[in-house]
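*Asks:* output the structure for:
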Amino acid sequence: MPPLFATIVFGFAIWGLFFLGRDRKARVSKALWIPVIWLSISGSRMVSQWLSATALYKAHPSLNAVEQPLDGSPFDRNLLLCLIALAVIVLIERRHLVIRVVRANGPILLFLLYCAASIVWSDYPSVAFKRWTKAIGDLAMVLIVVTDANPMAAVKRLLTRTGFLLLPLSILLIKYFPHIAVGYRSYSSFPTYMGVTTSKTELGGISLLFGIASAWQFVECLQDKRDPRRTQRLAAHGALVVMSLFLIWRANTVTALMCFLMAGSLIAATSFSRFARKPSVVHLMVVGMLCVSFTALFLGVGAGLVELVGRDSTLTGRTGVWHLILGMAPNHFLGTGFESFWLGPRLAKIYHVYWWHPNEAHNGYIEVFLDLGWVGLAFLGLVLVTGYRNVIRAFRQDRDAGRLRLAYFVVAVVYNFTESATRIMHPVWILFLLAIVAVPGGWVQRKAKKKTVDRPAFSALPPCLEEV
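*Replies:* Below you'll find the predicted structure:
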């Protein structure tokens, strides 16, 4: 099939997914497009990279240069700042609810404040500050979603809009535009399938996240037999689950596959088994999954499980990288500063040792330790503990929303065992924040306050951001 014709066909297919999966009854603010755009960028490539339209490893080896992380793209930076500014406008209008949400999430705020304080001792404070601004952007996008008049519908719309776009586009690019979506590393003749992202790991990550979202909505549709559009929605979300599994297989990412199976098992068990809905049983399942993953990966217990999925005891060279970078940490107590370890002379030394040029720790907890030290890990631990408490509380109040939040929590914890997802604008981190954030009243529809005229509560916003 010619690429142009394939693009037209996929365009109609994407439109079909939106049409079939749309919930006509749910109404959300048009401001939701701001986090949709933010998540779409974080789940694919920066706009400047799209404009170059070239494969990462094949045509642009300079992207792996030591200096590149310090430069960035002014165009991308200005675009992201515009999105953050729009998000701030929306949040100011919703300030009363935003203040309540922020007060209920002190540990997240403390973690971000410590990240800001660490800029002081960073070797590259200007770079660290710019990255911290993006971290605030991640939180702002989550706040837009959870402060919507209908948070549950906003969550669904955020995930479907992004997933229905990125996953089919990844298949289209891999199949018909390989010069954009398929790359070749210098040390291997095997292709690296990247889709809309910049690496196979990231492709597996977005396939995992949006596949889980569609699996959750697929199960919800199965149980809601009164929905007149039940068949259409089942078809749309079933198709996306198949696409996600195909892309995970194509990218050959074991971490994404294992996380998908665990999250899918949690959603299925808590949906179809009354016994599994008991909080004590949920605790047992979560602890069991985390313990099995941790012991198999790091303690050698059940090492055959790691070999069974095609990985060796070094976790594809990760253990060697961990040993090297942990020895390079200059300050174990405070770290090198927010998002500052993989810069300058340290990065040059790592590139000198490893010719395949790693640019992350491939472990989210080591990543936090390198940047923020033991203090940062302590704050992250507080976020995890209180976040899990919020997730379980949400599960008791609303089983449907609680299933998704629980699945994303487990995915984030396990995914960070072998990948670095505690970083700015990482889709796993953004959806982890969405899962753990405490929302007064939960993800339930709130009645909009009416003014003297019959207009939505946020009518002071620009027309493009008003409620529909």
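*Asks:* can you tell me what sits against the one helix or strand Met243 maps to?
*Replies:* Using DSSP states H and E, Met243 sits in helix 230-251. Residues outside helix 230-251 that contact it (CB atoms under 8 Å, 6 or more residues apart in numbering): 16-17, 19-21, 23, 163-164, 167-168, 170-171, 174, 193-195, 200-201, 203-204, 207-208, 210-211, 214-215, 217-218, 221-222, 224, 227, 256-257, 260. All C-beta spots, glycine's among them, are computed from the backbone N, C-alpha and C.
*Asks:* can you give me the helices for the stretch 301-450 of the chain?
*Replies:* 303-308, 318-328, 344-353, 364-397, 399-418, 427-436 (DSSP state H, counting those that start in this stretch).
*Asks:* was I right to think Gly21 contacts Gly163?
*Replies:* No. Using CB atoms under 8 Å as the test, Gly21 is too far from Gly163 to be in contact (9.3 Å).
*Asks:* neighbour-wise, which of these two wins?
*Replies:* Shown here are Gly21 and Gly163; by other CB atoms under 10 Å, Gly163 has more neighbours (28 against 25).
*Asks:* for the host helix or strand of that one, packing partners?
*Replies:* Using DSSP H and E, Gly163 sits in helix 151-176. Packing partners of helix 151-176 (3 or more CB pairs under 8 Å, 6 or more residues apart in numbering; DSSP states H and E): helix 3-21, helix 33-42, helix 125-146, helix 178-181, helix 200-223, helix 230-251, helix 399-418.
*Asks:* 7 Å instead, please
*Replies:* helix 3-21, helix 33-42, helix 125-146, helix 178-181, helix 200-223, helix 230-251 (3 or more CB pairs under 7 Å, 6 or more residues apart in numbering; DSSP states H and E).
*Asks:* return the most buried member of the ones you listed.
*Replies:* helix 200-223 (a mean of 24; mean count of other CB atoms under 10 Å).
*Asks:* give me the distance between it and the centre of its chain.
*Replies:* How far helix 200-223 lies from its chain's middle: 12 Å, per CA atoms, centre = their mean, to the nearest Å.
*Asks:* can you check stretch 86-95 too?
*Replies:* Per CA atoms, centre = their mean, the centroid offset for stretch 86-95 relative to its chain is 23 Å.
*Asks:* go through that stretch and flag the buried ones.
*Replies:* Leu86, Ala87, Val90, Leu91, Glu93, Arg94 (16 or more other CB atoms under 10 Å).
*Asks:* quick one: low-confidence parts of the stretch 51-200 of the chain?
*Replies:* 53-71, 185-189 (pLDDT under 70).
*Asks:* got the contact list for Phe338?
*Replies:* When contacts are counted by CB atoms under 7 Å, 6 or more residues apart in numbering, Phe338 touches Cys115, Ser118, Ile119, Ser122, Ala128, Arg131, Trp132, Asp371, Leu372.
*Asks:* if we use 8 Å, what do you get?
*Replies:* Cys115, Ala116, Ser118, Ile119, Ser122, Ala128, Arg131, Trp132, Ala135, Asp371, Leu372.
*Asks:* gap between it and Asn105?
*Replies:* 19 Å (CB to CB, to the nearest Å).
*Asks:* also Phe369?
*Replies:* 23 Å.
*Asks:* ok, now Leu240?
*Replies:* Per CB to CB, Leu240 is found 30 Å from Asn105.
*Asks:* which residue is the nearest non-sequential neighbour of Leu384?
*Replies:* Val413 (7.0 Å; CB to CB, 6 or more residues apart in numbering).
*Asks:* check contacts around Asn331.
*Replies:* Each residue near Asn331 by CB under 8 Å, 6+ apart is listed here: Trp121, Gly373.
*Asks:* got the phi and psi for it?
*Replies:* Dihedral pair for Asn331: phi -140, psi 100, per degrees, to the nearest 10.
*Asks:* quick check: end-to-end length of stretch 224-232?
*Replies:* Stretch 224-232 has an end-to-end distance of 13 Å (criterion: CA to CA, to the nearest Å).
*Asks:* typo on my end, stretch 140-151
*Replies:* Start-to-end, stretch 140-151 (CA to CA) is 15 Å.
*Asks:* and what of stretch 413-430?
*Replies:* With CA to CA, one end of stretch 413-430 sits 13 Å from the other.
*Asks:* so how far is that stretch from its chain's centroid?
*Replies:* Computed by CA atoms, centre = their mean, the separation of stretch 413-430 from the middle of its chain amounts to 7 Å.
*Asks:* and for Tyr184, the neighbour number?
*Replies:* 13.
*Asks:* one step back: which one of the buried residues of stretch 86-95 sits closest to Ile37?
*Replies:* Ile37 has its nearest neighbour among the buried residues of stretch 86-95 in Leu86, at 9.4 Å by CB to CB.
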